[in-house]
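Trainee: Give me coordinates for this.
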Amino acid sequence: MTRAPVIEHKGKTILEYIAGKYDIAVIGAGHAGIEAALAAARLGLRVACFAINLDSVGNMPCNPAIGGTSKGTIVREIDALGGEMAKAADAACIQYRMLNRGKGPAVQCLRAQADRRKYQEYMKHALESCPGLDLKQAEITELRAENGAVISVITSAGAVYEIKAAVMCTGTYLRGRVIMGDYARDSGPDGMFPSVALYDSLVALGLAMRRFKSGTPARINRRSVDFDKMQLQKGDDDIIPFSFDSAGPPRNTAVCHLTYTTEVTHEVIRRNIGRSPLYSGAITGVGPRYCPSIEDKVMRFADKDRHQVFVEPMGENTGEMYLQGLSSSLPEEVQIELMRTVPGLENVSVQRPAYAIEYDCVDPLDLRPSLECKAVSGLFGAGQFNGTSGYEEAAAQGIVAGINAARYVQGKPPVIIGRDAAYIGVLIDDLVTKGTEEPYRMMSARAEYRLILRGDNADLRLMPIGLEAGLVSQERYDKMRVKYEAVEKEIARLEKTGAKGNLPGIAAEGAKLAALLRRPGVTYERLATLDPERPSLAREITEQVGIKIKYDGYIKREQLRMDKFRKMEQRLIPKDIDYMSINAISMEGRHKLDKIRPESLGQAARISGVSPADIAALMFYV
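Mentor: I've put the predicted structure just below:
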C-alpha cells in the first residue's frame with residue numbers, strides 16, 4: 001500500500017498511501033465544483049469532491065446574491081440542463097427582483113438576495129446525499145498524468161486517489177493572496193487556507209497559467225446603520241422563481257437599501273490613493289474591468305460626484321450586511337474613514353474589512369469547447385480556474401465540465417453547447433476562442449441572439465440537451481413539451497379569434513386578438529375584456545404567448561441569422577490539419593489557428609487576428 005515519500009513544501013516527508021479509486025476527482029467545492037460533482041455522479045460515475053475546508057462548500061465570498069443581468073438567464077439555463085443552482089437559490093433566497101422590467105424580455109433577468117448560510121447548507125447536503133459522490137476535506141497538492149492523461153491526485157497528507165478524469169474548480173484559492181493596503185498574506189477567501197503546491201504540478205503538466213485579481217467589499221453590523229438616511233429597496237410583489245420546477249413562488253422576507261458616496265468620500269480616497277496596492281504596484285494580478293474597486297471608480301470616473309452603495313443583508317439570522325459597490329483594497333483604517341462619510345454609515349461598525357485577492361488560473365485558450373485541457377487528456381477546468389468571475393458563470397462551466405468529464409470516462413463524445421443555443425454556449429465559446437485578458441464576466445451584449453436566448457425559454461432550449469446528457473428525466477422533459485404545446489394552441493386560437501368589444505383609445509371590435517396583441521402597449525392581460533372564451537392558463541404559458549406573438553417578426557429575423565451561423569458551425573475542420581503549411585493564410589492567422597485549433601469554420605472565424613481572407617483561404621483548403 002505504501003509508495004514513494006512525498007516531500008511537502010515545509011520540508012517534511014510524508015509517505016504516500018493508496019486511499020481509493022474514483023472515476024472523477026473534482027478539486028474544489030465552490031459553485032463550479034458543486035455542479036461538476038453532482039452532474040458526474042448523477043450520470044453514474046464514482047466521484048470524489050475535495051475542498052480545503054468543508055465549511056467553504058457553496059460559499060459566497062463576494063456577495064450574497066444569485067442572478068442579475070445575464071446571470072439570471074444563466075441560472076435558468078443551468079436548471080434546464082439538470083443543475084442545482086436554481087433550486088438552491090429558490091430554497092435560500094430572501095428577496096427577489098426582476099431587473100429591467102421596463103425593457104424587453106431579452107434583457108430582463110432575475111436577481112435575488114440569498115441567505116448565505118442557508119445556501120451553503122442546501123448545497124452541502126446536496127453533495128452529501130448524492131449517491132456515488134464522496135465529499136472530502138483535503139488539500140490536493142499534486143495532479144499526476146501518465147502518457148498525457150490524468151491518473152491520480154495526491155493530498156497534502158499523502159493520500160493517493162487513482163482517477164480517470166479530474167475537474168479543476170480552484171476558484172480564488174490557487175496561490176491565493178489577500179491584500180489590504182500594506183498588509184498581504186497567502187490566503188483563500190474569507191480567511192481560508194490557500195492552495196499553494198498544486199500550482200507547480202499544473203505548470204509541470206504544461207498548463208499555461210496567469211494571475212488575476214478579484215475584490216470583496218466590507219461586511220458591517222446592521223445595528224450600526226442608519227437606514228432612515230437610505231432609500232428602501234423592496235422585492236417584487238409577483239415573484240418569478242429561478243427553477244422551472246419550483247412548486248410555488250418564494251417569499252420575500254428581507255429588504256435592501258441604497259445610499260451613495262459623497263464628495264468627502266472621494267476626497268478621502270484621493271488623499272490616500274498612494275496607499276492603495278492597486279496604485280502602488282503591490283497588486284500584479286489583472287482585475288475585472290466591469291467590477292472596479294471604489295478607489296478605481298473614483299480615480300477613473302473623476303467627473304462622477306457620487307457612486308451607488310447597496311446595503312444588502314447576508315441572511316435572516318445574522319446582523320452582517322454587505323456593501324455592494326464599496327469593494328476596496330485600501331488599508332483598513334482608510335476603509336473605515338471613507339465608509340463613515342457615506343449617508344447612513346456615519347457610525348458604522350465593520351465586522352470584516354474589504355480586501356483584494358490575487359489568484360492563478362489557466363489561459364482559457366488552452367481549453368477545448370468541452371472544457372478539457374488540451375495539454376492533458378481527462379483534465380477539465382471550470383469557474384475562476386478558467387479565467388471567469390461570478391458564481392453563475394462558474395456553475396455554468398461546472399455542469400458542462402462535469403457532464404463532459406463523465407462522458408470522457410464513458411468513452412462518449414462531449415456535449416458542446418453552441419453560442420446559438422445558450423448564454424452558457426456564448427460564455428464557453430468566448431473563453432476558448434477569444435480568450436480573456438481579465439476576469440471574464442457574462443453580459444447580455446456578448447450574445448448575438450439574445451432575443452432568442454431568454455431566461456423565460458431556457459427550458460425549451462436546453463432541456464433536450466439535458467435529456468440527451470442524462471440529467472433531465474423523461475417526465476420533466478414531457479412536462480416541458482406539454483407546456484409549449486399549450487402555448488402554440490393558444491397562439492393559434494388568438495390568430496383566428498375576433499375581439500368582442502373595444503379597448504380605451506383602440507377600436508378593436510372584430511379584429512383578431514393576435515393582431516391586437518402585436519400593438520405597442522397591448523398585453524395579453526389587457527385582452528381579457530375582449531375575449532370572453534379565454535381559457536384559464538398558467539402564467540408561464542401566457543408569458544410565452546405574449547412574447548411569441550409580440551416579437552414574432554424580430555424572432556424570425558434572428559432565427560435566419562442563427563441558421564446561417566449554424567451552417568458555418570457544421571463545417572468541421574480536420575483535427576490533424578497543419579495550419580503552418582497553408583501559405584495562403586497570413587502568418588498571424590496561422591499562429592492563432594495553430595494555437596487554438598478550432599473545431600469548425602465558424603469557430604475559426606471568431607478568433608481574434610484571423611481575417612476574412614484567412615477564413616476564405618481556409619475554406620478553400622478544407
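Trainee: Heading C-terminal from whichever strand or helix holds Arg561, find the next helix or strand.
Mentor: If you go by DSSP states H and E, Arg561 is part of helix 552-570. Once helix 552-570 ends, the next helix or strand along the chain (criterion: DSSP H and E) is helix 587-596.
Trainee: For the next helix or strand after that following helix, output the C-alpha coordinates as PDB.
Mentor: Of the helices and strands lying after helix 587-596 in sequence (DSSP H and E), the nearest is helix 601-605. Once non-C-alpha atoms are left out, helix 601-605 reads as follows in PDB (Å, rounded to 0.1, in the frame of the first residue of the first chain):
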ATOM      1  CA  LEU A 601     -15.000  27.200 -39.700                       C
ATOM      2  CA  GLY A 602     -17.500  29.100 -37.600                       C
ATOM      3  CA  GLN A 603     -15.200  29.000 -34.500                       C
ATOM      4  CA  ALA A 604     -12.200  29.800 -36.700                       C
ATOM      5  CA  ALA A 605     -13.900  33.000 -37.900                       C
END
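Trainee: buried stuff in the helix holding Arg561?
Mentor: Across helix 552-570, burial judged by 16 or more other C-beta atoms under 10 Å covers Ile555, Glu558, Met562, Phe565, Met568, Glu569. All C-beta atoms are positioned from the backbone trio N, CA, C, and that covers glycine.
Trainee: between those residues, which is nearest Met209?
Mentor: The shortest approach to Met209 among those belongs to Glu569, at 30.1 Å (C-beta to C-beta).
Trainee: Contacts only, for that closest one.
Mentor: Neighbouring residues of Glu569 by C-beta atoms under 8 Å, 6 or more residues apart in numbering: Gly418, Asp420, Ser600, Leu601, Gly602, Gln603.
Trainee: which residue packs closest to Pro364, ignoring adjacent ones?
Mentor: The shortest distance from Pro364 to any non-neighbouring residue, by C-beta to C-beta, 6 or more residues apart in numbering, is to Leu431 (3.9 Å).
Trainee: Report how many residues lie close to the one you found.
Mentor: 24 (other C-beta atoms under 10 Å).
Trainee: ok, it touching Asp366?
Mentor: No - taking C-beta atoms under 8 Å as the definition, Leu431 is not a contact partner of Asp366, at 10.3 Å.
Trainee: Report how many residues lie close to Leu427.
Mentor: Count around Leu427 with other C-beta under 10 Å applied: 28.
Trainee: That one belongs to a helix?
Mentor: Yes - counting by DSSP: H, G, I helix; E, B strand; the rest coil, Leu427 falls inside a helix.
Trainee: tell me the SS of the spatially closest residue to Ile151 that is not a sequence neighbour?
Mentor: Spatial nearest neighbour of Ile151, excluding adjacent residues (C-beta to C-beta, 6+ apart): Arg144 at 5.4 Å. For Arg144, the secondary structure call by three-state DSSP comes out as strand.
Trainee: got the contact list for Arg144?
Mentor: Arg144 makes contacts with Val150, Ile151, Ser152, Val153, Ile154, Ser201, as judged by C-beta under 8 Å, 6+ apart.
Trainee: Just the buried residues out of these, in ChimeraX syntax.
Mentor: Per 16+ other C-beta under 10 Å, the buried members of the contacts of Arg144 correspond to this ChimeraX selection:
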select :150,152,153,154,201
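Trainee: The closest residue to Ile615 other than its chain neighbours: how many residues sit nearby?
Mentor: In space, and not counting its chain neighbours, Ile615 is closest to Ala605: 5.0 Å by C-beta to C-beta, 6+ apart. When counting by other C-beta under 10 Å, one arrives at 19 neighbours for Ala605.
Trainee: Also Arg441?
Mentor: Residues within reach of Arg441, counting by other C-beta under 10 Å, total 21.
Trainee: I'd assumed Ala394 was in contact with it.
Mentor: No - here Arg441 lies out of contact with Ala394, judged by C-beta under 8 Å, at a distance of 11.4 Å.
Trainee: Which element, helix or strand, includes Cys130?
Mentor: For Cys130, there is no enclosing helix or strand under DSSP H and E.
Trainee: And the closest residue to Ser608 other than its chain neighbours, how far from Val348?
Mentor: Spatial nearest neighbour of Ser608, excluding adjacent residues (C-beta to C-beta, 6+ apart): Lys434 at 5.7 Å. Counting by C-beta to C-beta, to the nearest Å, the gap from Lys434 to Val348 is 42 Å.
Trainee: If you count surrounding residues, which of those two has more?
Mentor: Neighbour totals were compared for Lys434 and Val348, and Val348 leads with 21 against 17 (other C-beta under 10 Å).
Trainee: ok, that one to Glu393 distance?
Mentor: Distance, Val348 to Glu393, by C-beta to C-beta: 31 Å.
Trainee: again with Gly28
Mentor: Relative to Glu393, Gly28 is positioned 15 Å away (C-beta to C-beta).
Trainee: likewise Glu332?
Mentor: Taken as C-beta to C-beta, the span from Glu332 to Glu393 is 30 Å.
Trainee: go on, Val107?
Mentor: Val107 is 18 Å from Glu393, by C-beta to C-beta.
Trainee: same thing with Lys483?
Mentor: For Lys483, the distance to Glu393 - C-beta to C-beta - is 28 Å.
Trainee: would you list the contacts of Arg144 in CSV and tack on pLDDT, secondary structure and distance to Leu527?
Mentor: Listed next are the contacts of Arg144 as CSV, based on pLDDT from 0 to 100; DSSP: H, G, I helix; E, B strand; the rest coil; distance: C-beta to C-beta, whole Å:
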residue, pLDDT, secondary structure, distance to Leu527
Val150, 98, strand, 58
Ile151, 98, strand, 64
Ser152, 98, strand, 64
Val153, 98, strand, 60
Ile154, 97, strand, 65
Ser201, 96, helix, 63
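Trainee: tell me the SS of the closest residue to Leu174 other than its chain neighbours?
Mentor: Distances taken as C-beta to C-beta, 6+ apart put Asp360 closest to Leu174, at 4.5 Å, once the chain neighbours are dropped. With three-state DSSP as the basis, Asp360 sits in strand.
Trainee: next one: Ala184
Mentor: strand.
Trainee: Against Asp563, how distant is the nearest residue to Gly418 once chain neighbours are set aside?
Mentor: Counting by C-beta to C-beta, 6+ apart, Gly425 is the residue found nearest to Gly418 once chain neighbours are left out, at 4.7 Å. With distances taken as C-beta to C-beta, Gly425 is found 16 Å from Asp563.
Trainee: ok, now which ones touch the closest residue to Gly285 other than its chain neighbours?
Mentor: Distances taken as C-beta to C-beta, 6+ apart put Lys213 closest to Gly285, at 3.3 Å, once the chain neighbours are dropped. For Lys213, the contact set (C-beta under 8 Å, 6+ apart) comprises Ile283, Gly285, Val286, Gly287, Ala356, Ile357, Glu358, Tyr359, Pro439.
Trainee: how about 10 Å then?
Mentor: By C-beta atoms under 10 Å, 6 or more residues apart in numbering, the contact set of Lys213 is 172, 177, 179, 277-278, 283-288, 293, 329, 356-359, 438-439.
Trainee: Distance-wise, check His125 relative to Ile34.
Mentor: Using C-beta to C-beta, His125 is found at 11 Å from Ile34.
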